[in-house]
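Colleague: My questions are about this predicted structure, shown below with the sequence.
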Amino acid sequence: MTKKIIIGGCGFAGLWAAISAARAVSLTGDEDNVDISIVSPTPHLTIRPRLYEAGIDNMNPAVGDLLEVVGVRHVGGVVETINAKAKTLIVARNDGSRETLAYNRFVLATGSEVFKPAVPGLEEYAFDIDQLEAAERLDGHLKGLRQRPAGIARDTVVIAGGGLTGLETATEMPLRLRSALGENADFRIVLVDAADAVGLSMGEEALPFIQEALALGGIETRPGVHVTAIEANLVTLSSGECIGTNTVIWTAGMRASPITAQIPGKHDRLGRVICDAFLRAPAGKGIFVTGDAANAATDDRGNSSVMSCQHALSLGRVAGYNAAAELIGLNLHPYRQPRYVTCLDLGDWGALYTEGREREVQVTHQDAKKLKKHINKLCIYPPAADRDAAFAIANPDFVIVP
């Protein structure tokens, strides 16, 4: 009887889980006995780390040919229900129908989404860059500002959340507003963050560089406060300050996708499943969890994976391999990713490259910007539809960050 591996999600972790599983099966020549499927609305990989950029072309490359050449079937739809006891999934297909799929091994790779608390007006009036459609909506809005009457609200952008996404969005915004309103436009950008200092999430050593970059871009900061209400032309902060604006961009945190809650066992405060060393859900037999849905130890020093492309690429490879390995009798591979780096885009100032969990600054300004462009435009994109080339970099111990 054919054994079935199903991967839910076609992000960085899901795509590489599928390729890695196919590679593992090929090692034993069991391709005719193992069926690998990936479930997602379309066979595309959204390049989420780049959605803050001014140009959003080629942010959703097709991977259908790649999946086909490695022997993975694409199922158009989304996983709606997980029955861990019965080892079945209900998939809502793109045509509106629902289909029940049985699995021997399931890899949850449905990622994360922007966290939206119950802030009045958030759903109605705020923008985000969580997914391609949202980024396109913001892009269309910014490009359309020129058609609106000039004024404080039109010419002011407020960004809520000073983490990495918020910082990159804010420091890219001068470029976007100059393009939309004219090179000499008099605009205002305000970055709001609950931390004591905007940029503190990057660590004390990086903070002066970030503040310098924000100052260069003319970006105002509001540390130690948060957004309490959003209206069509106004945002209110917890300090009582009201800022006139037509453009509020929400970047205040992420949570695991809601379906992750259907996986039995312990979850962390972000909704992620706390996995074992092989990325198995301990309370869900036959279930592996990867990418932003997984909380997995990266080393023996108490560190765990974070919601990042850097970790997802490795988590996906390990989860896919192990899901196949359990079925075909290969040794399992423990997940470990002790090396951690950050490359933060800071707009006209350049970029900031750090190493380690302490984020020790290594490269700055334009030298770091070149590195950021190399990562964003080459390293994180899917490989060509070449089976041997894809398998060559799909092994579970492939080093993401040398």
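Modeller: Structure's in. What do you need?
Colleague: average pLDDT for stretch 196-215?
Modeller: Across stretch 196-215, pLDDT averages out at 96.
Colleague: Over to stretch 102-109?
Modeller: Averaging pLDDT along stretch 102-109 gives 98.
Colleague: For that stretch, buried residues please.
Modeller: The neighbour-count criterion (16 or more other C-beta atoms under 10 Å) identifies 103-109 as the buried residues of stretch 102-109. All C-beta spots, glycine's among them, are computed from the backbone N, C-alpha and C.
Colleague: again with stretch 261-278
Modeller: With burial defined by 16+ other C-beta under 10 Å, the residues of stretch 261-278 counted as buried are 262-265, 267, 270-276, 278.
Colleague: I figured Ala24 hits Glu326, correct?
Modeller: No - in terms of C-beta atoms under 8 Å, Ala24 does not count as a neighbour of Glu326; the distance is 9.9 Å.
Colleague: Of the two, which one has the most company?
Modeller: A side-by-side neighbour count of Ala24 and Glu326, using other C-beta atoms under 10 Å, places Ala24 first with 28 against 19.
Colleague: Doesn't that one belong to a strand?
Modeller: No - secondary structure of Ala24 (DSSP: H, G, I helix; E, B strand; the rest coil): helix, not part of a strand.
Colleague: Which residues are in contact with it?
Modeller: Under the criterion of C-beta atoms under 8 Å, 6 or more residues apart in numbering, the contact list for Ala24 reads 320-321, 324-325, 328, 330.
Colleague: Among the buried residues of stretch 261-278, name the ones in strands.
Modeller: 273-274 (DSSP state E).
Colleague: who's in contact with the nearest residue to Ser37 once chain neighbours are set aside?
Modeller: Leaving out its chain neighbours, the residue that sits closest to Ser37 by C-beta to C-beta, 6 or more residues apart in numbering is Arg73, at 4.6 Å. Residues counted as contacts of Arg73 (C-beta under 8 Å, 6+ apart) are 35-38, 67.
Colleague: now with 10 Å?
Modeller: For Arg73, the contact set (C-beta atoms under 10 Å, 6 or more residues apart in numbering) comprises 6, 18, 35-39, 67.
Colleague: For the residues you listed, give me CSV that also has pLDDT and secondary structure.
Modeller: Rendered in CSV, the data for those read as follows (pLDDT from 0 to 100; DSSP: H, G, I helix; E, B strand; the rest coil):
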residue, pLDDT, secondary structure
Ile6, 98, strand
Ala18, 98, helix
Asp35, 98, strand
Ile36, 98, strand
Ser37, 98, strand
Ile38, 98, strand
Val39, 98, strand
Leu67, 98, helix
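Colleague: can you give me the strands for the stretch 251-400 of the chain?
Modeller: If DSSP state E, counting those that start in this stretch is used as the criterion, the strands of the stretch 251-400 of the chain fall at 254-256, 273-274, 287-289, 294-295, 341-345, 351-355, 360-364.
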